[in-house]
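> Fold the following for me, if possible:
(chains A and B)
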Amino acid sequence: MADRYEPATFEAAWQKKWKNADLFLTRNNEDAPKFYGMDFFPYPSGAGLSVGHCRNYVPTDVICRMKLMQGYNVLHPMGFDAFGLPAENEAIKRKTHPAQMIEGYAATYRRQMDLIGVSYDWSRSFSSSDPEYYRWTQWIFELLYKRGLAYRRMAAVNWDPIDKTVLADEEIVGGRAERSGAIVEKKLIPQWFFKITEYAQRLIDDLDELNWPEGIKAQQRNWIGRSEGVQFTMQVAHSGHQEAAADDGFQVKGRRGTLAFDVFTTRIDTIFGMTFCVLAPEHELIESIVNKVGAEFADRIREYQVQAKLLSDTDRQATNREKTGVFTGAYAINPANGEEVPIWIADYVLATYGTGAIMAVPGHDERDFEFAKKFDIPVVQVIGPVDGSEVELPYVTKDGVLVNSGEYSGQTVAASQTELGVWIEGLGIGQRKIQYRLRDWLISRQRYWGCPIPIIHTKDGEMQLAPEDCLPVELPMVENYEPSGDGTSPLAHIPEFVNVTDLDGRLGQRETDTMGGFACSSWYFLRFCDPKNENAPWSFDAAKYWMPVDCYVGGSEHAVMHLLYARFWTKVLFDAGLVTVKEPFARLENQGQVLALTPYRKPREDEKLDLGEEGILVSYQDAKSIPEEDLFYRWARMSKSKGNVVTPEEAVELYGADALRMYLLFVAPFSADVQWSSDGMQGQVRFLSKIFKLVDDLKSLYYGEWRGVIGFEDLDDAAKAVRRQTHKTIRKATEDVDKFAFNTYVSSLMIYINELNDLLKKHAANPSRGFALAMSEAVEAVILLMSPGAPHSADELWNSIGKSGFTLNECWPTFDEKLSADDTVTIAVQVNGKLRDTFEIDATASKEDMEKAATTAPKAQAHLEGLTIRKIIVVPGKLVNIVAG
RNA sequence: GCCGGGGUGGCGGAAUGGUAGACGCGGUGGUCUCAAACACCAUUGGGGUUAAACCCGUGCGGGUUCGAGUCCCGCCCCCGGCACCA
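Here you go, the predicted structure:
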């Protein structure tokens, strides 16, 4: 074996041996505790992996490897999230079939993951597009349907009138289709939803028990958006301002002869300040109003509705957009004071939140204020500061008391919110209510490459589930699967797929929408527990044993969608008695991104920059020929489109897999973004070489049976120093890996190696027997502690000292508190909190001894000159602070 | 605007309220070499000094404490997410 790190000579060889020995197959030792460590389900893109992806996989691998060495049964699987739009679009472009294409891409991913030595149990791998897998995705869909959690209703899709296709939100840029440039329209079609809103409260509550980054939990809470308020009914005025508002027999909300609508507010305390109401342009009541008001109003309302429909969501919600709206000609009655207020229509009120209608209080709401100013609607103050001082409107703080509010004037905001809520309930026109921002989960996709929804529409318009034993409803393998041009899924144009007869022999048609990819990734962690099961999605016992995932690792960009959906499904499955956990992921860790220095040039006069860009992206090749004053570099996320990707192949070729792994661990805290530099890997080559050199130097001292005799040896100071360092490092390294502090895990090994080198240099000439034994222990500790981070090198070194097999099968070292304790400690001497001196003292020294040593320390004494000692604070093992004046 | 995370040498970053800058990258000087690369050794927060002593120093301003990078209050800046959700 060489005395330096020469990866080309052994890394590939060890990977082969691991494979031949089935080293990474999941083990199931009796009585061992379990550890389930997993990475986010990746979509295997055609670009392959970059070193940025490895930053996710390597740390998970390190903790899994350590847990395995610690005696856990470890489940560390990997599979592929193969269904979905990116795959389909790319396959169309390449004129190939997505199934075939994805298979190739997944193989590339696997090859790259193997190349960096990640210990996945590939025997458990699958793709979400495998019929054996999506059969059970459909099965879970049916479970949701049976439990009333899957339903179909009309909903808008983004429609591209040029390409005649449905677009995903990410295919729209600035209200236009990314590809065709057409202005995107909204089109109502029937679509499938999962009723995640029914679980909103539980999804909030159960966050508390999760060991997740606070930021992610906060994002989920925001997304679910719980707010407490009051919902109540507003009557449309019969008479008064508008003769056409006379009763002509409309029936709305069960009130014969009247028009009415519900509003939701979190500020019921401001109800006396209501000076108008606003309905969303899509509000159903508008139809009735249009029929009752004069033609001029009706025309303006219609026009506004058309305009609103044409606006894309992004345009409509653009920041700082001026408020728009029209007066309907109708009035509503404020139940608090009986006053009539005008009803407006405006798109700043969303149809999809609350009741799609609001009471507007411009005195105490910025949006209403802005609207009122623009349309000259009165602004009334009904809340003021407790001290009665004048304030500028809108006054939106909840710190205050009611004014101009009848009998409620003088009450605090908090008190009146309760009282007014009770009052509304007493009147029978509404109730206090908890409202969530969360919407139901739209799963329909009018595309080919997804999991078919197992529903049959019978001739009589009924919906039936495809019988369980007929699952999966297989996606037909067809040549043409491009979007069909009429907005339906391509599946709708495959008669063999569509036409079926149900169990009673009646004719029916299959549902042709497919499920969005998030459905497939909402349960894959359960399938990994029992991936080959042909009779069930998983066996209850397997899931009971492995779940929850103990450590789930991936990027924070999935903070809401995937993680929320997976939590939702797990809760449904829990309710159905199919799993024993309410939450799928006990601990979540987000890795930082890997950024690469990316060349840009200044734009020429006629060039426009893309949104958020400072310059024009250029390739590294072109950068060489661009004049220096026009060229600049920025840190940008590694991606194929930026052309700044470093692949694991390149890194492994130049520096080695272990150097890449150790660099990824060391370069920054796990959750921080990383500025990639290949120089850093050279540093790891140097470090690994140092280990090879040290192990080589220690071979002459190495005694394989040290464990049996070291306890009987009378150890000299040198030997004790070695052991102390060994046991300190074992403790530090173990703790650091457990808490995902991989950078300090690596640095603790560096410190250890440096110390061992120093000690060896000092005592090599005349080593005692105890020193040799302590160094024997150290050699093994070094190799085993580095094994999770640099497994190839560890196995190479392990065998070089005469051991056989794999370090992964060895026990993780344990530390002995007594051995790691220092004999002597360095004590800091402070005078009035400022460091003045230090001294060495026996670790067991008494407080009195420390005080004495401190007060007589020469430099400290110089600072005590002429002062009276008032107090002495002694921190054992650390410092002495002398307070003097 | 709201929510979350940050701000420490030239750079990445360490520091249970207890010696700030561990470990590494880079730099400088040296050894090796015909030379370079690699490697190794020394040094490396700023000021100050022949050297030391000493002074300053964790975004800014206050506070608590024997002692604050760490805790509290008020600001500033950066990154991420959400964003007319009534």
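
> so where does A:Trp538 fall, helix or strand?
Using DSSP states H and E, A:Trp538 falls within no helix or strand.

> list the contacts for A:Gly48?
By CB atoms under 8 Å, 6 or more residues apart in numbering, the contact list for A:Gly48 reads A:Tyr105, A:Thr108, A:Tyr109, A:Gln112, A:Thr647. Where C-beta positions appear, they are placed from N, C-alpha and C, glycine not excepted.

> let's go with 7 Å and repeat that
The contact partners of A:Gly48, by CB atoms under 7 Å, 6 or more residues apart in numbering, come to A:Thr108, A:Gln112, A:Thr647.

> Isn't A:Val157 up against A:Lys187?
Yes. Applying CB atoms under 7 Å, one finds A:Val157 in contact with A:Lys187, separated by 5.5 Å.

> who has more neighbours, those two?
A:Val157 (20 against 15; other CB atoms under 10 Å).

> what's near enough to touch that one?
When contacts are counted by CB under 7 Å, 6+ apart, A:Val157 touches A:Val166, A:Lys187, A:Ile189.

> Those residues: which ones sit near RNA strand B?
Among the contacts of A:Val157, not one lies near RNA strand B by CB under 7 Å from any atom of the strand.

> So which of the contacts of A:Gly48 is the closest to A:Ala596?
Using CB to CB, A:Thr647 is the member of the contacts of A:Gly48 that lies nearest A:Ala596, at 11.6 Å.

> Which of the helices or strands spans the closest residue to RNA strand B within the stretch 151-300 of chain A?
Residue of the stretch 151-300 of chain A nearest RNA strand B, by CB to the nearest atom of the strand: A:Gly215 (2.5 Å). Per DSSP H and E, A:Gly215 falls inside helix A:214-224.

> Could you point out the helix or strand that follows that helix?
Taking DSSP H and E, what comes next after helix A:214-224 is strand A:226-236.

> would you put the C-alpha positions of that next one in PDB?
C-alpha atoms of strand A:226-236 as PDB (Å, rounded to 0.1, in the frame of the first residue of the first chain):
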ATOM      1  CA  ARG A 226     -55.100  29.600  10.000                       C
ATOM      2  CA  SER A 227     -57.000  32.700  11.000                       C
ATOM      3  CA  GLU A 228     -59.800  33.200  13.500                       C
ATOM      4  CA  GLY A 229     -62.700  35.400  12.700                       C
ATOM      5  CA  VAL A 230     -66.400  35.700  12.200                       C
ATOM      6  CA  GLN A 231     -68.500  34.800   9.200                       C
ATOM      7  CA  PHE A 232     -71.900  36.400   8.900                       C
ATOM      8  CA  THR A 233     -74.600  37.200   6.300                       C
ATOM      9  CA  MET A 234     -75.100  40.500   4.700                       C
ATOM     10  CA  GLN A 235     -78.600  41.300   3.400                       C
ATOM     11  CA  VAL A 236     -78.800  43.200   0.100                       C
END
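
> quick one: strands adjacent to it?
strand A:260-265 (antiparallel), strand A:326-333 (antiparallel), strand A:430-436 (antiparallel) (DSSP bridges).

> For the last one, which residues meet the burial criterion?
By neighbour count, and taking 16 or more other CB atoms under 10 Å as the criterion, the buried residues in strand A:430-436 are A:Gly430, A:Arg432, A:Lys433, A:Gln435, A:Tyr436.

> I figured A:Trp449 was touching A:Pro98, is that so?
Yes. Contact between A:Trp449 and A:Pro98 holds when scored by CB under 7 Å: they sit 4.8 Å apart.
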